[in-house]
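> Got a sequence here, can you model it:
(one chain, ligands or ions: 1)
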Amino acid sequence: MTDRPLLLVTRRMPPAVTERLQRDYRARLNETDEVYDSDRLVAQAEGCEAILCCSSEKFSAEVIARLPESVRALATFSVGYEHIDTTAAKARGIRVTNTPDVLTDSTADIAFLCLLGAARRAWEGESMLRAGEWVGWSTTQLLGVHVTGKRLGIFGMGRIGRAVARRARGFDMEVHYHNRRRLPADQEEGATYQADADALLGICDFVSLNFPASPETENFLNAERIAKLPDGAVVVNSARGTVIDDDALIAALKSGKLAAAGLDVYRGEPRLDPRYRELPNAFLLPHMGSATVETRDAMGFKCLDNLDALFAGREPPDALV
Ligand code: DGY
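Down below sits the predicted model:
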């Protein structure tokens, strides 16, 4: 069968996704899983009708302009799409789709793991144990920040922010949120809306950043905003690294202004600012918000559902442009 569309798949996919895409498409796979730079991307796309890509590849206006004429769609294996210039894609008539919904719960789980891991000094405890340095239980060892009854401020109350709020309720936290607009009451998950982001910062024991990366949210958590937080607050970021000013966060973790941070995402991944690795009060994970078997399969299937629709002449369910 040669009538199946030719698909460039930029990264290694989970086995179930690979099986389906090889069944339904002619697939140009990336067996080594290395990240393509823009020249490789453009070269690999030769003759392809669509690209199944990831947030590790940058589709700037310049790259999009160089893509072969044959490319009709970019299906990104991610909910975030800051790596794709959607305006440039639209101008070239290239459809772009993402994977909302299916990673909401796993990403909120990781946000909560970061919150608890940072508050309860999980990395310090595990490191002590693995290094053979644990001399036994003591009343003053590794005392962390209490979670129950504390105030959590969620910045960005989209699907993932709301799922974080649901988890926080289970921990008896008092949840507040800031969002561009107030949500209808039935979507607020019992959280209190704060129209003024800075006022919310002033009352947060915990901050969870859950808005997408964009020019408007670049360096949102900067030195000025960190100064507004109560002393000893805990910061959690499961969104994108660019929403934090690393110099400001590192200084606040070093000085003790902040008790701890739980981070799953970094500016310039995978080369995070090396100073984070030296900070005992930084609980660090390697961008694994959506990393469960079920979620990654569902993300791949969603990419394929979108492409199937497009090639069948239907509107892709998750079309961004
Ligand atoms: C997403 O879906 O945006 C995840 O962070 C993976 O990039």
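
> any idea where the strands of the stretch 201-321 of the chain begin and end?
206-209, 233-237, 258-263, 282-284 (DSSP state E, counting those that start in this stretch).

> can you give me how far the second one is from the chain middle?
Taking CA atoms, centre = their mean, to the nearest Å, one finds the center of strand 233-237 at 15 Å from the center of the full chain.

> Parallel or antiparallel, list what pairs with it.
strand 206-209 (parallel), strand 258-263 (parallel) (DSSP bridges).

> Kindly export that strand (C-alpha atoms) in PDB.
Extracted as PDB, the C-alpha positions of strand 233-237 are listed here (Å, rounded to 0.1, in the frame of the first residue of the first chain):
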ATOM      1  CA  ALA A 233       6.800  30.000  50.900                       C
ATOM      2  CA  VAL A 234       7.200  27.000  48.600                       C
ATOM      3  CA  VAL A 235       7.200  27.400  44.800                       C
ATOM      4  CA  VAL A 236       6.000  24.600  42.400                       C
ATOM      5  CA  ASN A 237       6.500  24.700  38.600                       C
END
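
> got the buried residues for stretch 161-172?
Across stretch 161-172, burial judged by 16 or more other CB atoms under 10 Å covers 161-165, 167-168. All C-beta spots, glycine's among them, are computed from the backbone N, C-alpha and C.

> In the stretch 101-250 of the chain, which residue sits nearest the ligand?
Leu103 (5.4 Å; CB to the nearest ligand atom).

> show me the contacts for that residue.
Contacts for Leu103 (CB atoms under 8 Å, 6 or more residues apart in numbering) come out as 79, 289-290, 295, 298-299.

> and those residues, which of them are in helices?
Judged by DSSP state H, those include 295, 298-299 as members of helices.

> which of those lies closest to the ligand?
Closest to the ligand, out of all of these and judged by CB to the nearest ligand atom, is Met299, at 7.0 Å.

> Let me see the backbone angles for the closest residue to that closest one other than its chain neighbours.
The spatial neighbour of Met299 that comes closest, neighbours along the chain excluded (CB to CB, 6 or more residues apart in numbering), is Thr99 at 4.5 Å. Dihedral pair for Thr99: phi -130, psi 70, per degrees, to the nearest 10.

> ok, Thr99 to the ligand distance?
In this view, Thr99 and the ligand are 6 Å apart by CB to the nearest ligand atom, to the nearest Å.

> from here on, count from 14
Sounds good: first residue 14 from here, last item Thr112.

> Make JSON lines out of the strands of the stretch 214-334 of the chain and add mean neighbour count.
As requested, those are exported to JSON lines (neighbours: other CB atoms under 10 Å):
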{"stretch": "strand 219-222", "mean neighbour count": "26"}
{"stretch": "strand 246-250", "mean neighbour count": "26"}
{"stretch": "strand 271-276", "mean neighbour count": "25"}
{"stretch": "strand 295-297", "mean neighbour count": "21"}
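
> Same list (these) but as a markdown table, adding distance to the ligand and mean pLDDT.
Formatted as a markdown table, these follow (distance: least, CB to the nearest ligand atom, whole Å; pLDDT from 0 to 100):
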| stretch | distance to the ligand | mean pLDDT |
| --- | --- | --- |
| strand 219-222 | 13 | 98 |
| strand 246-250 | 11 | 99 |
| strand 271-276 | 13 | 99 |
| strand 295-297 | 16 | 98 |
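
> Including distance to Lys163, could those strands go into TSV?
As requested, those are exported to TSV (distance: least, CB to CB, whole Å):
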stretch	distance to Lys163
strand 219-222	6
strand 246-250	9
strand 271-276	11
strand 295-297	17
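
> How about Glu187: what's its closest non-neighbour residue?
Arg164 (4.8 Å).

> ok, the closest residue to Ile263 other than its chain neighbours - how many residues close by?
The shortest distance from Ile263 to any non-neighbouring residue, by CB to CB, 6+ apart, is to Arg288 (5.0 Å). Neighbour count of Arg288, defined by other CB atoms under 10 Å: 15.

> If I look at Arg288, what pLDDT would I see?
Arg288 is assigned 98 on the pLDDT scale.

> Same check on Thr15?
So Thr15 comes in at 59 (pLDDT).

> Can you tell me, leaving aside adjacent residues, what's nearest to Leu214?
Lys241 is the one closest to Leu214 (CB to CB, 6+ apart), at 4.2 Å.

> interface residues of the protein facing the ligand?
Residues of the chain found near the ligand (CB under 6 Å from any ligand atom) are 68, 91-93, 116, 302-303.
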